[in-house]
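the sequence isn't on hand, but the structure is:
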């Protein structure tokens, strides 16, 4: 997935990759891998629809760049 920089507060900007296992039971962000054989699919979709919660907890959520530090630590392992 490629996302623009302005998505930083709600997603991961730049390129990042996802995986799903053969049984379609597990998946998520790909942080590191060694590949001997793989199937890659590319979807050139340029738009998506996101339905957000309409409740007080979400409306008061902190979506500031302070969360970027936590995301970077999770995504890269850097502390």
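Yep, that arrived. On a predicted model such as this, the values are computed, not experimentally measured, just so you know. Numbering: from 1, shown residues only.

now the strands: where do they sit in the protein?
2-3, 14-15, 18-20, 27-29 (DSSP state E).

need those strands in TSV with mean pLDDT and mean neighbour count, can you?
For every residue, glycine as well, the C-beta is placed using N, CA and C. Converted to TSV, those look like this (pLDDT from 0 to 100; neighbours: other Cβ atoms under 10 Å):
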stretch	mean pLDDT	mean neighbour count
strand 2-3	82	12
strand 14-15	84	10
strand 18-20	84	10
strand 27-29	84	10
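
same list (those) but as TSV, adding distance to residue 54.
As requested, these are exported to TSV (distance: least, Cβ to Cβ, whole Å):
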stretch	distance to residue 54
strand 2-3	23
strand 14-15	29
strand 18-20	27
strand 27-29	27
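
and of the ones you listed, who's closest to residue 45?
strand 2-3 (10.8 Å; Cβ to Cβ).

tell me how far the closest one lies from the chain's centre.
9 Å (Cα atoms, centre = their mean, to the nearest Å).

quick revisit: nearest to residue 62, of the strands of the chain?
strand 2-3 (19.9 Å).

so how far is residue 4 from the residue positioned nearest the centre of the chain?
The centroid of the chain falls nearest to residue 12 when counting by Cα atoms, centre = their mean (4.9 Å). Residue 12 sits 11 Å away from residue 4, going by Cβ to Cβ, to the nearest Å.

now do residue 52
In terms of Cβ to Cβ, residue 52 sits 18 Å off from residue 4.

equivalent analysis for residue 36, please.
When residue 36 is compared with residue 4 (using Cβ to Cβ), they lie 33 Å apart.

who's more crowded, those two?
Taking neighbours as other Cβ atoms under 10 Å, residue 36 and residue 4 compare with residue 4 leading, 9 against 4.

tell me the pLDDT of the more buried one.
On the pLDDT scale, residue 4 is placed at 85.

residue numbering should commence at 30 henceforth.
New numbering, starting at 30: the last item is residue 33.

ok, and the closest non-adjacent residue to it?
In space, residue 33 comes closest to residue 42 once its chain neighbours are excluded; the distance is 6.4 Å by Cβ to Cβ, 6 or more residues apart in numbering.

ok, now residue 56?
residue 49 (3.7 Å).
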